[in-house]
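Colleague: Kindly generate the corresponding structure for this input.
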Amino acid sequence: MHTDSNPDLANHILALASIVHETVGPGLDAGIYQQCLCIDLSKAGIPFAEHVPVPVQYNDATFDLGYVADLVVQNEVLVQIKAVEEFQPEDDQPLPNRPHVELQHGVVR
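Modeller: Residues are numbered from 1 along each chain as shown. Got it, this is the predicted structure:
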């Protein structure tokens with residue numbers, strides 16, 4: 001899952017996520033926001049996959065039981081949906097920004 005960097009795609013996803021939140025409002029389960037975002041991604045013609053296992057690599061070994069992404073958009077942007085009452089600094093950390101995960105961008109929304 002590695003392609004050229006595309007910050008415009010990440011910004012587009014963030015814009016769609018903001019529209020979802022403004023439309024349905026706060027206080028819902030993360031799964032509701034995810035389904036709404038999926039509807040908007042589909043309407044925009046942006047390919048994505050849900051609940052994608054992201055293998056973790058360690059030396060020469062690959063573990064399939066690594067991280068599970070809520071969404072991977074265009075095989076390039078990992079999206080983790082958060083439904084929290086108050087956004088904390090740790091919620092704004094890069095997703096997984098580690099050498100063993102081959103994705104260009106991570107988006108927490």
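Colleague: Tell me the first helix or strand C-terminal of the strand ranked longest in the chain.
Modeller: Taking DSSP state E as the criterion, the chain has its longest strand at strand 61-73. Downstream of strand 61-73, the first helix or strand assigned by DSSP states H and E is strand 77-80.
Colleague: Can you list the strands that that next one pairs with?
Modeller: strand 61-73 (antiparallel), strand 105-108 (parallel) (DSSP bridges).
Colleague: So what's the gap between stretch 64-73 and the chain middle?
Modeller: Distance of stretch 64-73 from the chain centroid (C-alpha atoms, centre = their mean, to the nearest Å) equals 9 Å.
Colleague: Same question for stretch 14-23.
Modeller: So, by C-alpha atoms, centre = their mean, the centroid of stretch 14-23 is 14 Å from its chain's centroid.
Colleague: Make TSV out of the strands paired with strand 77-80 and add mean pLDDT, distance to residue 13 and mean neighbour count.
Modeller: All C-beta atoms are positioned from the backbone trio N, CA, C, and that covers glycine. Shown next, in TSV, are the strands paired with strand 77-80 (pLDDT from 0 to 100; distance: least, C-beta to C-beta, whole Å; neighbours: other C-beta atoms under 10 Å):
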stretch	mean pLDDT	distance to residue 13	mean neighbour count
strand 61-73	83	6	16
strand 105-108	47	6	18
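Colleague: would you list the ones you listed in a markdown table and tack on distance to residue 25?
Modeller: Below are the strands paired with strand 77-80 laid out as a markdown table (distance: least, C-beta to C-beta, whole Å):
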| stretch | distance to residue 25 |
| --- | --- |
| strand 61-73 | 20 |
| strand 105-108 | 19 |
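Colleague: Can you list the buried residues in the host helix or strand of residue 55?
Modeller: Assigned by DSSP H and E, residue 55 belongs to strand 48-58. Taking 16 or more other C-beta atoms under 10 Å as the neighbour-count basis, strand 48-58 is seen to contain the buried residues 48, 52, 54, 56.
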